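# how does the following fold in three dimensions:
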Amino acid sequence: MAHPKEERTVVLVKPDGVMRGLVGEILTRFERRGLKILALKLVYPSREHAAGHYSGSDDWIKGMGNKTIETFAKYGIDVVKEMGSSDAFEIGKKVQEWNVNYLAMGPVVAIVLEGMHAITTVRKIVGNTLPILAETGTIRGDYSIDTNTAANVDKRAIRNIVHASGDPSEAEHEIKHWFKADELMSYKRSDEDVMFS
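Prediction:
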C-alpha cells in the first residue's frame, strides 16, 4: 500500500460545471485543501468514451435501479408509470444511458488529484451525490439543487456538477480511462514539507 498522502483519485468537472464557469472555483477548493494536481485536461468525450467511464457491472446497474425505485416509493410516485417498468435492472439501464448522455453533452475537465486519503477528502469536498442533500460549503451543496426524483421524472441524469471516484478500484479504472501514463506529472508542492513532515 502506498502512503496515504500518495493516494490518487479522479475528479470530472461535468459539462454543467464547465458551461457554468465553475472550473477555477472547483480546482481552488482542492488545491487549498492540500491536494496536488497530477493531470488536468479539457475533453469533449464521445458517447463511447463516456460509456467507458461507468462500471456497467450488473450489480452497479441494478443498484441504480433500486435507488430509483426507493426514491419513487418515498415520494409516492408510480415507478411503472414514470419508468415503464418496476424491474431494477431495466430501470438502472435507463439511468446509465442518461448518465452517458449527460457526460457526452459537452466539454468535461478531467483531473487526477493526489494527497492524504484523496478519495475520501475529495468526496467530502464535493458533497452528497444528490445536490439537494449536499451540505452547504460543498461543491454540490453550493452550486446545485437538483434531485434524483426530478431527474428521473424528466428522464435525464442528475445535474451535480462533478464526479469523484468512489473507491481505489474505481479511481484506478478512471485514471487509466481518462489519462495516458505519461500525462501524469510528478513534482513536489512547496507546502508538502510543512503539511506532512
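
# is it fair to say Val10 lies in a strand?
Yes: residue state for Val10 (DSSP: H, G, I helix; E, B strand; the rest coil) corresponds to a strand.

# low-scoring stretches of the chain, by residue?
Low-confidence segments of the chain, defined by pLDDT under 70: 1, 55, 197.

# ranges for the strands of it?
Along the chain, counting by DSSP state E, strands occupy 7-13, 36-43, 108-115, 162-164.

# any chance of these in a markdown table, plus mean neighbour count?
Bear in mind the C-beta positions are built from the backbone N, C-alpha and C, glycine included. Formatted as a markdown table, the strands of the chain follow (neighbours: other CB atoms under 10 Å):
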| stretch | mean neighbour count |
| --- | --- |
| strand 7-13 | 25 |
| strand 36-43 | 16 |
| strand 108-115 | 24 |
| strand 162-164 | 24 |
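
# which of those strands sits closest to Ser57?
Within those, the stretch nearest Ser57 is strand 162-164; the backing value is 17.1 Å (CB to CB).

# for the closest one, which strands pair with it and how are they oriented?
strand 7-13 (antiparallel) (DSSP bridges).

# can you give me the helices in this protein?
With DSSP state H, the ranges of helices along the chain come out as 15-19, 23-33, 47-53, 58-74, 79-83, 88-103, 118-126, 139-143, 148-153, 168-178, 192-196.

# returning to that earlier point: would you tell me which of the strands of the chain gets closest to Met185?
When the strands of the chain are compared by CB to CB, strand 36-43 sits nearest Met185, at 5.4 Å.

# check what contacts the closest one and list those residues.
By CB atoms under 8 Å, 6 or more residues apart in numbering, the residues outside strand 36-43 that reach it are 8, 18, 27, 30-31, 49, 107-115, 178-179, 183-187, 189, 192.
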